[in-house]
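**Student:** give the three-dimensional model of this entry:
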Amino acid sequence: MPSTSLAALRALIEQRFPDATPLVERETTEHVSTGIAPLDQVLPHGGLPRGRLSVWAPRGGSTAILRAACHTVVAHSERAAWIDGDNTIAGAFWADGPYLVRPKSRLHALRAAEELLRSGGFSLLILAGCEPQGTETVRLGRAAREGGTALVSVGTAASMASLRLTSRLLRYRWRRTPFGDPAEAQDATVRIDARTVGWSAHTEFTLPVMHHELRLSLESELADRRGLPR
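**Tutor:** Alright, predicted model coming up:
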């Protein structure tokens, strides 16, 4: 990206997030905390690595955990972005959270990710629904290093990842009806496995289950996937 375009993007980011820490004063720690103490305790340096690619294999709980990490970043006056490559995230669910990007194509998603990473304006960037491959991964990894951003790709292609994570739902705790039948999930126990070269660790913790009103109509720019096979 030309330096003039990069400078303009940084100016727009600071204008869009006036309450966040100025880019020149960003923290220089080697990690980004997820805000979930049991997870941070088992991760190298206590969080997701800045300037590196982490790959998260989604087998249950990944969206909730990464969303919590984004909110933690915002709560610490830094910036987080989520690129929704398959346009399945509801905007109301992300109110007051990370900067949500809904690209129109896979190419747009990858370009948006690279530009936001190079800008240095975000501490954490989540790339979901658009798994990079080959040289795409190289470009994004280089952009993450240049911008000092913790990049998390939701998927399974982990050949160039510095950190590999897998989340899995173990069990739910249910609120019961007067007849003893399951009525509503209250919380879920999640297991996280983390691996890197010559090292591995795991942890289990409980997450509360949030309930949201059912959307009666589609939001603009949200893909209509109702009726499609899972």
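**Student:** residues in contact with Leu163?
**Tutor:** Leu43, Pro44, Leu48, Pro49, Arg52, Leu53, Ser54, Val55, Ala194, Arg195, Thr196 (CB atoms under 8 Å, 6 or more residues apart in numbering). Just so you know, the C-beta spots here come from the backbone N, C-alpha and C atoms, and that holds for glycine as well.
**Student:** out of the residues you listed, which comes closest to Ala69?
**Tutor:** Leu48 (7.0 Å; CB to CB).
**Student:** and the pLDDT at the closest one?
**Tutor:** Note on Leu48: pLDDT of 95.
**Student:** now do His76
**Tutor:** 89.
**Student:** one more: His45?
**Tutor:** Reported pLDDT for His45: 88.
**Student:** look up phi and psi at it.
**Tutor:** Here is the backbone geometry of His45 (degrees, to the nearest 10): phi 60, psi 10.
**Student:** measure it to Gly51 for me?
**Tutor:** 12 Å (CB to CB, to the nearest Å).
**Student:** neighbour count winner among those two?
**Tutor:** Gly51 (17 against 12; other CB atoms under 10 Å).
**Student:** now do the contacts for the more buried one.
**Tutor:** Gly51 touches Ala144, Arg145, Gly147, Gly148, Thr149, Ala150, counting by CB under 8 Å, 6+ apart.
**Student:** make it 7 Å
**Tutor:** With contacts defined as CB atoms under 7 Å, 6 or more residues apart in numbering, Gly51 is in contact with Ala144, Arg145, Gly148, Thr149.
**Student:** related to what we said a few turns ago, now the contacts of Leu163 in a markdown table, with neighbour count, secondary structure and distance to Ala157?
**Tutor:** Shown next, in a markdown table, are the contacts of Leu163 (neighbours: other CB atoms under 10 Å; DSSP: H, G, I helix; E, B strand; the rest coil; distance: CB to CB, whole Å):
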| residue | neighbour count | secondary structure | distance to Ala157 |
| --- | --- | --- | --- |
| Leu43 | 23 | coil | 21 |
| Pro44 | 15 | helix | 21 |
| Leu48 | 29 | strand | 18 |
| Pro49 | 20 | strand | 18 |
| Arg52 | 21 | coil | 15 |
| Leu53 | 26 | strand | 10 |
| Ser54 | 23 | strand | 12 |
| Val55 | 24 | strand | 7 |
| Ala194 | 20 | strand | 17 |
| Arg195 | 15 | strand | 15 |
| Thr196 | 17 | strand | 16 |
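**Student:** closest one to Trp174 out of the residues you listed, please.
**Tutor:** Trp174 has its nearest neighbour among the contacts of Leu163 in Ala194, at 28.7 Å by CB to CB.
**Student:** doesn't Arg176 make contact with Ala183?
**Tutor:** Yes: counting by CB atoms under 7 Å, Arg176 is a contact partner of Ala183 at 6.2 Å.
**Student:** and the most far-flung residue of the chain relative to its centre, which of the three is it?
**Tutor:** When each C-alpha in the chain is compared with the mean C-alpha position (CA atoms, centre = their mean), Phe179 comes out farthest, at 39.6 Å. Following DSSP: H, G, I helix; E, B strand; the rest coil, we place Phe179 in the coil state.
**Student:** ok, Gly97 next?
**Tutor:** Gly97 ends up coil, using three-state DSSP.
**Student:** change the start of the numbering to 6 and stick with it
**Tutor:** Sure thing, new numbering starts at 6, so read that last one as Gly102.
**Student:** so who does it touch?
**Tutor:** Arg72, Cys75, His76, Val79 are the contacts of Gly102 under CB under 7 Å, 6+ apart.
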